[in-house]
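1. Sequence and computational prediction follow.
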There are 2 protein chains.
Amino acid sequence: MKPKLEDVAKLAGVSKTTASRVLNNRGYLSEKTLKKVHDAMEQLNYQPNAAARQLFKQKTGLIGLIFPTVSNPFFGELVDYLEYELYQRQFKVIIGNSLQDISKETDYLNQLLAGQVDGLIVGTHNQGIAEYKYSHLPVVAIDRVMNSDIPIVESDNYNGGVLATERLIKSGVKQIIHTNGPVDLETPANRRRLAYEKVMQDHGLPHNTFTVDFRLSYNEKKEQYNKLFDLYPNVEAIFASNDVDAKIIMTIAEERGKKIPDNLLVVGYDGTELMRNIVPELTTVIQPIEEMAKTAVDVLIKRISGVQTEPEYILPVTLWDGRTGIK
Amino acid sequence: MKPKLEDVAKLAGVSKTTASRVLNNRGYLSEKTLKKVHDAMEQLNYQPNAAARQLFKQKTGLIGLIFPTVSNPFFGELVDYLEYELYQRQFKVIIGNSLQDISKETDYLNQLLAGQVDGLIVGTHNQGIAEYKYSHLPVVAIDRVMNSDIPIVESDNYNGGVLATERLIKSGVKQIIHTNGPVDLETPANRRRLAYEKVMQDHGLPHNTFTVDFRLSYNEKKEQYNKLFDLYPNVEAIFASNDVDAKIIMTIAEERGKKIPDNLLVVGYDGTELMRNIVPELTTVIQPIEEMAKTAVDVLIKRISGVQTEPEYILPVTLWDGRTGIK
């Protein structure tokens, strides 16, 4: 049987009203009371149900979502699922697209932090925004290291890197290049690169990461990937940082007379529903976008309700086996 | 020189304060005064500038965007541009994805209409939602007929249909099928079908529209398109309702041994930046998404400010000439 708020109150040795006030973060509560109730919630693995949530007085009924751009299939599907999950819990969403604009993100943050939303879910690529550090608003990050107090929801980037690299090595290719964003961006996605380097080393193969900034325009990216083929004419396989870039790389390779998979293997990353349906031949690592959204919303609601959360939630990835990853 | 609010006031024979009150929809104003000022604004083609806009007292600073789903490239890019344009004018956006859920859309509407936003931009596929009719909130529709009082921003669907159909006919093919959503949905996109039928008739060719509901899942769509090839094994060309479906059709055709463009020509629709970059070979009709977003925001701001608007804004389309549309 699922534990009720009464059970939490009993274990914590407080009244149900006090337990509810802790859950709903309402009124003055001593550190001691907070700790007792939070400990009881954790011990019982208490999940606030619909009735308990109804007790929670939403200040605005709004959650802010700050992501680079919904025009990218990964973020489009992620925001779609987040909106759906939040709607189920009576929240509506404000979106802010932060791509390439640190001042816009800061501006959004300042406005949203000024009481316009009850919480934030963020997954941006801008660096060094101090406002997150000083915010008392509940925040959850997706695939992004903000600060030690903000929980991160992510897919298993390390295993994703292992799956992709091992898939390529299986075909006997040796010159495998990994493309990825700048390493100074603090994101768990950097673990894909670490996994790639480790697997290559374990097989006695040279590793080589080609850096392409996520924020470049399509034309700038094409220039970069053309440069990749100029610099490494003998490349046999590419493990790309995302499926859109993987498809662009495939087109450029074909323009340069390389047949896929005969002359070049390609593995992507993300595995959105869109890309799996319109480029089903592309081998890729599927991030569990729907589960990531559900988890992020669960964790955020817990934060809003004052329930303790873990620092990191890692969800499993799977390999989508297309024709481009094997020969 | 651009007309100023003073010029509007002078022409209307009212004080600048009165003109500003009309612009900002503030306080009681007689029908006669409203008409005089609106007529003067229209006659001078007056565009409220930043200073005049600052006078406008935003009630919420929020605009609601209701579209089927941001996980679709067209709506993803459209919402991206809308968010950008609205941010430039100090508005933040609440998004509601309405795909396949008429009760969710109605629920959103009721909540948003209850003073949570200053205006709405909508482009959903749900039918018969009465709330739009009784709303006093400024609303602008994109590619969707709501009611006679709600202005529509759209691309030139008729010319898009002409461009696509003529492109296919040029290669001498005769069995050209058009795929489209249900005809009972009141959207200007139906004009693509009318154009296709007219052009086919003008060339003495039979027209044949295959109906596939936009809201089907990917698997259901694949089933439908397989059925299309079962029913019409001799089809020589397909003018698809959007690029995602066009790419799915291409994959199914290739699975069935049809080479593109040798055995089958395909033309899509929408021409998003994403699809032009990852499937550059697909011939398509480019909708001017950025201009559509800019226009919708301009028109909405005018509505909020009480400035008269046109019932319909039609923006030009262009043809993206890929390898799939010609042989």
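-> Cool, got the structure.
2. who in the stretch 201-327 of chain A is up against chain B?
-> Applying C-beta under 8 Å from any C-beta of the partner chain, we find that the stretch 201-327 of chain A lies next to chain B at A:218, A:244, A:247-248, A:251, A:272-274, A:277-280. From N, CA and C alone the C-beta is placed, and that goes for glycine too.
3. Please tell me how far stretch A:268-275 is from the chain's geometric centre.
-> On the basis of C-alpha atoms, centre = their mean, to the nearest Å, stretch A:268-275 sits 14 Å off its chain's mean C-alpha point.
4. For the stretch 201-327 of chain A, just list every one of the helices.
-> Using DSSP state H, counting those that start in this stretch, the helices found in the stretch 201-327 of chain A span residues A:218-231, A:243-255, A:273-278, A:289-304.
5. Just put those helices in TSV and tack on mean neighbour count.
-> What follows is these, written out as TSV (neighbours: other C-beta atoms under 10 Å in any protein chain shown):
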stretch	mean neighbour count
helix A:218-231	15
helix A:243-255	22
helix A:273-278	20
helix A:289-304	22
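6. Domain boundaries for chain A, per the record?
-> Following automatic domain parsing, one gets these domains for chain A: A:5-55, A:62-154+A:289-315, A:157-288+A:319-325.
7. Nearest approach to B:Val297 belongs to which of those domains?
-> With C-beta to C-beta as the criterion, B:Val297 lies closest to domain A:62-154+A:289-315 of the domains of chain A, at 14.7 Å.
8. mean confidence score for the strand or helix carrying A:Tyr196?
-> Here A:Tyr196, judged by DSSP states H and E, is contained in helix A:190-202. Mean pLDDT, computed over helix A:190-202, is 96.
9. ditto for stretch A:157-166
-> Stretch A:157-166 carries an average pLDDT of 98.
10. can you list the residues of the stretch 51-200 of chain A near chain B?
-> Counting by C-beta under 8 Å from any C-beta, the stretch 51-200 of chain A sits next to chain B at A:62, A:69-73, A:76-77, A:79-80, A:83-84, A:87, A:92-97, A:104, A:108, A:111, A:116.
11. re the thing from before, want to throw the helices of the stretch 201-327 of chain A into CSV with mean pLDDT?
-> Compiled in CSV, the helices of the stretch 201-327 of chain A are given as follows (pLDDT from 0 to 100):
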stretch, mean pLDDT
helix A:218-231, 97
helix A:243-255, 97
helix A:273-278, 98
helix A:289-304, 96
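12. so A:Ile177, which of the three states?
-> At A:Ile177 the chain is in strand, as set by DSSP: H, G, I helix; E, B strand; the rest coil.
13. A:Pro233 is in contact with that one, correct?
-> No - in this structure, A:Ile177 is not within contact of A:Pro233 by C-beta atoms under 8 Å, at 11.8 Å.
14. quick one, which of those two is more surrounded?
-> With neighbours defined as other C-beta atoms under 10 Å in any protein chain shown, A:Ile177 and A:Pro233 compare such that A:Ile177 has more, 21 against 10.
15. The helices of the stretch 201-327 of chain A into CSV, with extra columns for distance to A:Lys4?
-> Shown next, in CSV, are the helices of the stretch 201-327 of chain A (distance: least, C-beta to C-beta, whole Å):
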stretch, distance to A:Lys4
helix A:218-231, 53
helix A:243-255, 45
helix A:273-278, 38
helix A:289-304, 17
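16. Which of the ones you listed sits closest to B:Pro138?
-> Using C-beta to C-beta, these put helix A:289-304 closest to B:Pro138, at 31.2 Å.
17. Distance from the chain centre to the closest one, please.
-> On C-alpha atoms, centre = their mean, the centre of helix A:289-304 falls 11 Å from the chain's centre.
18. do stretch A:309-322 as well
-> The mean C-alpha position of stretch A:309-322 is separated from the chain mean by 9 Å, C-alpha atoms, centre = their mean.
19. List the buried residues for it?
-> A:309, A:313-315, A:317-320, A:322 (16 or more other C-beta atoms under 10 Å in any protein chain shown).
20. mind checking the backbone torsions on A:Gln90?
-> Main-chain torsions, A:Gln90, degrees, to the nearest 10: phi 70, psi 20.
21. my guess is it meets A:Thr60, correct?
-> No - here A:Gln90 does not reach A:Thr60: they are 11.6 Å apart, not a contact under C-beta under 8 Å.
22. Settle it for me: which of those two has more neighbours?
-> A:Thr60 (16 against 13).
23. State the pLDDT value of the more buried one.
-> The per-residue pLDDT reported for A:Thr60 equals 83.
24. before we move on, what about the one 10 residues further on?
-> The predicted local confidence for A:Val70 comes out at a pLDDT of 95.
25. what's near enough to touch it?
-> A:76, A:79, A:95, A:97, B:70, B:76, B:79-80, B:83 (C-beta atoms under 8 Å, 6 or more residues apart in numbering or on different chains).
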